[in-house]
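Chemist: Fold the stuff below for me.
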Amino acid sequence: MRIDEERAAAEKNIERLTANIPTRLSEKEDKFSTQLIRAKKSPRKKLESLYSFMDELYEFVSKYTPCKKGCTNCCHYAVTVSDVEIEHIERFTKKKRNRQPLPKKDFHGSPCPFLKQGACSIYNARPFVCRRHVTLTETNAWCDPSISNDETFPLLKFTSIEEAFEHIRIESNSIELSDIRQIFS
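Modeler: Here you go, the predicted model:
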């Protein structure tokens, strides 16, 4: 498929998704960050609430994307994690972070350390960036890490979810982001 056709397909999928999103989910997303910010919970509990809502929301989104279990292209992209997410992964996996993080570098093309036998071994604890990443093109051909940075496509963005995540990062003093490969190599 030509690049202009893929972009048009992504734009059409975003339009269809937006037009068909259930009112309940749309309203919940609109209010999510405000409610999360007001919640009397620890940042880790807020992160768990965010992840739970994202699972619910992205279950609907999955109807509009070629992303399916078994495709691991995005597991070879940069996977940024904040400290609160690192703690969450440690609790979930019982695996401790590296005593000394690896130096920063471009990890694009390198597999995530939690990619095991073609699947995410921490799927239920996967980071925010993994949860929100979907392609809306007709196929996942442009997801191949060898060409994924060659073109840009329309992206799906849920403002309240982004705001909620930023709030959690700030509240937990998790400002700096690292690549998951630096932390769990």
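
Chemist: quick one: the closest residue to residue 122 other than its chain neighbours and residue 178, what's the gap?
Modeler: Using C-beta to C-beta, 6 or more residues apart in numbering and skipping the chain neighbours, the partner closest in space to residue 122 is residue 114 (4.6 Å). In this view, the C-beta of every residue, glycine as well, is placed from N, C-alpha and C. According to C-beta to C-beta, to the nearest Å, residue 114 stands 14 Å off from residue 178.

Chemist: more neighbours, those two?
Modeler: Just comparing residue 114 and residue 178: by other C-beta atoms under 10 Å the higher neighbour count belongs to residue 114, 22 against 19.

Chemist: wait, doesn't the more buried one sit right on residue 130?
Modeler: No: contact criterion C-beta atoms under 8 Å: residue 114 and residue 130 do not qualify, at 9.5 Å.

Chemist: Give me the common contacts of these two.
Modeler: Contact criterion C-beta atoms under 8 Å, 6 or more residues apart in numbering; residues shared by residue 114 and residue 130: residue 120.

Chemist: Just the helices from the protein, written as ranges.
Modeler: Ranges of helices in the chain, per DSSP state H, are 3-20, 23-38, 43-61, 83-93, 128-132, 159-171, 180-183.

Chemist: Buried deepest among these, which one?
Modeler: Of all these, helix 180-183 carries the top mean neighbour count, a mean of 21, counting by mean count of other C-beta atoms under 10 Å.

Chemist: contacts for that helix?
Modeler: Contact with helix 180-183 is made by 79-81, 86, 97-98, 101-104, 107, 110, 112-114, 127, as judged by C-beta under 8 Å, 6+ apart.

Chemist: before we move on, what about stretch 136-154?
Modeler: With contact meaning C-beta under 8 Å, 6+ apart, stretch 136-154 is reached by 1, 3, 5-7, 9-11, 13-14, 17, 64-67, 71, 73-74, 76-77, 108-109, 135, 155-156.

Chemist: redo that, cut-off 7 Å
Modeler: Residues outside stretch 136-154 that contact it (C-beta atoms under 7 Å, 6 or more residues apart in numbering) are 1, 3, 6-7, 9-11, 13-14, 64-67, 71, 73-74, 76-77, 108-109, 135, 156.
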